[in-house]
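A.B. asks: Here's a sequence, model it:
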Amino acid sequence: MLQDELTWHLGYERYQKCEQQGNDSRNGRSNKHIKGKFGSIAIQAPRDCKGEFATLVITKH
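C.D. replies: As a prediction, the model looks like this:
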């Protein structure tokens, strides 16, 4: 689900060549911890090179 959200943010599919110069691109994943009612879980959230991607599914604090 998070990969789909990043694809929408970037405007192109994974492994697809971006046609516009200067566009943002994928830059691996970052480890995140989600705290919930029954404890916390660790996930790997995708990130972009410019650092502009923020998922709507998992909000910060």
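
A.B. asks: contacts, neighbours, all on C-alpha from now
C.D. replies: Fine.

A.B. asks: Which parts of the chain are helices?
C.D. replies: Assigned by DSSP state H, the chain shows helices spanning 2-10.

A.B. asks: what's the lowest-mean-pLDDT helix or strand in it in contact with?
C.D. replies: The least trusted helix or strand in the chain, going by mean pLDDT, DSSP states H and E, turns out to be helix 2-10, with a mean of 84. With Cα atoms under 8 Å, 6 or more residues apart in numbering as the test, helix 2-10 has contacts from 13-14, 23-25, 45-48, 53, 55, 57.

A.B. asks: What of stretch 37-46?
C.D. replies: For stretch 37-46, the external contacting residues (Cα under 8 Å, 6+ apart) are 2-3, 6, 26-35.

A.B. asks: Can you tell me which of these are buried?
C.D. replies: Members of the contacts of stretch 37-46 that pass the buried threshold by neighbour count (16 or more other Cα atoms under 10 Å) are listed as 2, 6, 26.

A.B. asks: coming back round to it: kindly reformat the contacts of stretch 37-46 as a markdown table containing distance to I41.
C.D. replies: Putting the contacts of stretch 37-46 into a markdown table (distance: Cα to Cα, whole Å) gives the following:
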| residue | distance to I41 |
| --- | --- |
| L2 | 16 |
| Q3 | 18 |
| L6 | 21 |
| R26 | 24 |
| N27 | 22 |
| G28 | 19 |
| R29 | 16 |
| S30 | 14 |
| N31 | 10 |
| K32 | 8 |
| H33 | 6 |
| I34 | 5 |
| K35 | 7 |
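
A.B. asks: which residues pair with the residue nearest the centre of the chain across the strands?
C.D. replies: The C-alpha lying nearest the average C-alpha coordinate of the chain belongs to P46 (Cα atoms, centre = their mean; 3.3 Å). With DSSP bridges applied, P46 shows beta-bridge pairing to R29.

A.B. asks: Tell me how far it lies from F53.
C.D. replies: 9 Å (Cα to Cα, to the nearest Å).

A.B. asks: now swap in Q16 and tell me
C.D. replies: As defined by Cα to Cα, Q16 lies at a distance of 18 Å from F53.

A.B. asks: Between the two, tell me which one has more neighbours.
C.D. replies: F53 (16 against 7; other Cα atoms under 10 Å).
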